[in-house]
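1. Kindly return the folded structure for what I paste below:
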Amino acid sequence: MAGSYSGKTVVLANEHPALRRGLSDLLSGEFSGLNIIECNGRAELDGVISVVRPDYILMDRGQEGEGMRHLPVLRKAGYRGDVGIYGTSSDVSVRETVGRAGADYFVKGMEEDNLLKALRKSLSD
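-> Numbers count the residues shown, from 1 in each chain. Got it, this is the predicted structure:
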């Protein structure tokens, strides 16, 4: 853990509380002072970004069956920050599709180091 991330905000959007808690614990342990907001789905995420402009949104690709399709909705709502999408697929075409949509892609449970690197880069800008 290097430096303080006070004033920086990450939103975790996933309908599974245990997964959100695990990600929150991981980020809290790595990023001192980081404000972490947990959302239980798309509607809650939309409500949060209408009030708070997070530095990074991390959401499930399959969130409520439409996580990937929600990225353009976030952009249309004016969110211009970085987005990370995670899922269970390690298929290269999924990573490429997510990348073309303007987000980072991480495989659940397998790419924590890559997630942390992407967050460090995003939160340091």
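2. what helix or strand is the most centrally placed residue in the chain on?
-> Centroid-nearest residue in the chain, with C-alpha atoms, centre = their mean: Leu58, separated by 0.8 Å. Here Leu58, judged by DSSP states H and E, is contained in strand 56-60.
3. Give me the helices and strands touching the helix or strand following that strand, please.
-> Next helix or strand after strand 56-60 toward the C-terminus (DSSP H and E): helix 71-76. Helix 71-76 sits against helix 42-51, strand 82-87, with contacts defined as 3 or more C-beta pairs under 8 Å, 6 or more residues apart in numbering; DSSP states H and E. C-betas here are computed from N, CA, C, even on glycine.
4. Next, the angle from the longest one to strand 56-60.
-> Helix 42-51 and strand 56-60 meet at an angle of 170 degrees, taking axes from the mean of the first three to the mean of the last three C-alpha atoms, to 10 degrees as the criterion.
5. Report the mean confidence score over helix 42-51.
-> On average, the pLDDT along helix 42-51 is 89.
6. now swap in the last one and tell me
-> Per-residue pLDDT over strand 82-87 has a mean of 89.
7. What is the first helix or strand past it going along the chain packed up against?
-> Following strand 82-87 in sequence order, the next helix or strand is helix 92-100 (DSSP H and E). The contact analysis (3+ C-beta pairs under 8 Å, 6+ apart) places helix 92-100 against strand 104-107.
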